[in-house]
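J.: just the structure for this:
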Amino acid sequence: VQLVESGGGLVQPGGSLRLSCAASGFTFSSYVMSWYRQAPGKGRELVARSVSEDGSPNYADSVKGRFTISRDNAKNTVYLQMNSLKPEDTAVYYCNAWRMILSREYDYWGQGTQVTVSS
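T.: Below is the predicted model:
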């Protein structure tokens, strides 16, 4: 199983970035795909979640209206479009794949990609 994030970097406040997470080694379409982030000195928090390709995503209040999660099951990839970025969005962003099958939990994480919002 692999989750490989890309697209992070340094951006000015008000700018945009698009993160990608390429998945392999499991049935991507059957998994809940999420983006989490962890800022320095803070715990990991959920940013956005996609249960299915055509389902309604969920967002943290802090990113609603600015971030958009999407997934392409044909490409086994989940994206996070981040607009109107703020310095408080600075964090390492992690891709997560999760599924519960017959009471067994499958939970996979990527290595993370750094997003820094600064002028």
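J.: quick one: the strands in the protein, in order.
T.: Taking DSSP state E, the strands of the chain run over residues 2-6, 9-11, 17-24, 32-38, 44-50, 58-59, 67-72, 77-82, 91-101, 104-109, 113-117.
J.: present those as JSON lines; the columns should include mean pLDDT and mean neighbour count.
T.: (Glycine included, C-beta is placed from N, CA and C.) As requested, those are exported to JSON lines (pLDDT from 0 to 100; neighbours: other C-beta atoms under 10 Å):
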{"stretch": "strand 2-6", "mean pLDDT": "97", "mean neighbour count": "17"}
{"stretch": "strand 9-11", "mean pLDDT": "98", "mean neighbour count": "14"}
{"stretch": "strand 17-24", "mean pLDDT": "98", "mean neighbour count": "19"}
{"stretch": "strand 32-38", "mean pLDDT": "98", "mean neighbour count": "22"}
{"stretch": "strand 44-50", "mean pLDDT": "97", "mean neighbour count": "18"}
{"stretch": "strand 58-59", "mean pLDDT": "96", "mean neighbour count": "16"}
{"stretch": "strand 67-72", "mean pLDDT": "97", "mean neighbour count": "18"}
{"stretch": "strand 77-82", "mean pLDDT": "98", "mean neighbour count": "22"}
{"stretch": "strand 91-101", "mean pLDDT": "97", "mean neighbour count": "18"}
{"stretch": "strand 104-109", "mean pLDDT": "96", "mean neighbour count": "12"}
{"stretch": "strand 113-117", "mean pLDDT": "98", "mean neighbour count": "18"}
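J.: find the nearest non-adjacent residue to Lys75, please.
T.: Setting aside the residues directly before and after it, Lys75 is nearest to Ala22 in space (C-beta to C-beta, 6 or more residues apart in numbering), at 7.8 Å.
J.: tell me, what residue is most central in the chain?
T.: Trp35 (2.3 Å; C-alpha atoms, centre = their mean).
J.: you'd agree that residue is up against Tyr93?
T.: Yes. Counting by C-beta atoms under 8 Å, Tyr93 is a contact partner of Trp35 at 5.9 Å.
J.: shared neighbours, these two?
T.: Leu19, Val47, Leu80 (C-beta atoms under 8 Å, 6 or more residues apart in numbering).
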